[in-house]
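Trainee: Have a look at this prediction, sequence included:
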Amino acid sequence: MKKFLVFLSTLALMPLAALAEQSQVSGTVTQLDGGKHQITLSDGQTYNLPADMQGQALKVGDRITITAEKQDGANVVQRIARN
């Protein structure tokens, strides 16, 4: 019985793991939009910055690596590292 309950709880959590899928991408910052809190990389993808990351001193031309997560169809930045 105990194994069955563990199995069921694992199945219940699987969809949550899929929702929190993170990806990592490297590129050059080509555009910054402070009003929308977004950055665009050289691959053409736009990433939303959370409010607590607005203090990052990024500028066009910076080479960075972003860890992002899809939230409501948007790429939301979790971490930024300069290359």
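Mentor: Arrived safely, thanks for sending.
Trainee: Please tell me how far residue 59 sits from residue 32.
Mentor: Using Cβ to Cβ, to the nearest Å, residue 59 is found at 7 Å from residue 32. Just so you know, the C-beta spots here come from the backbone N, C-alpha and C atoms, and that holds for glycine as well.
Trainee: what's the burial count for residue 47?
Mentor: If you count neighbours by other Cβ atoms under 10 Å, residue 47 ends up with 21.
Trainee: if we can go back for a sec, with neighbour numbers in mind, choose between residue 59 and residue 32.
Mentor: residue 32 (16 against 8).
Trainee: what are the pairing partners of the helix or strand where the more buried one lies, and which direction each?
Mentor: Per DSSP states H and E, residue 32 falls inside strand 22-33. Under the criterion DSSP bridges, strand 22-33 sits next to strand 38-41 (antiparallel), strand 63-71 (antiparallel) in its sheet.
Trainee: nearest to residue 24, of those strands?
Mentor: The closest of the strands paired with strand 22-33 to residue 24 is strand 63-71. By Cβ to Cβ, the value is 5.1 Å.
Trainee: Quick check: end-to-end length of stretch 26-43?
Mentor: 9 Å (Cα to Cα, to the nearest Å).
Trainee: show me the residues around residue 21 that make contact.
Mentor: For residue 21, the contact set (Cβ atoms under 8 Å, 6 or more residues apart in numbering) comprises 69, 70.
Trainee: and it, how far is that from residue 76?
Mentor: Counting by Cβ to Cβ - residue 21 and residue 76 are separated by 12 Å.
Trainee: correct me, but residue 40 touches residue 25?
Mentor: No: assessed by Cβ atoms under 8 Å, residue 40 is found out of contact with residue 25, at 11.9 Å.
Trainee: Look at the two and report which has more neighbours.
Mentor: Applying other Cβ under 10 Å to residue 40 and residue 25 shows that residue 40 carries more neighbours, namely 17 against 14.
Trainee: need the contact list for the closest residue to that one other than its chain neighbours.
Mentor: In this structure, residue 40 finds its nearest non-sequential neighbour in residue 31, 4.0 Å apart by Cβ to Cβ, 6 or more residues apart in numbering. If a contact means Cβ under 8 Å, 6+ apart, then residue 31 has 39, 40, 60 as its contacts.
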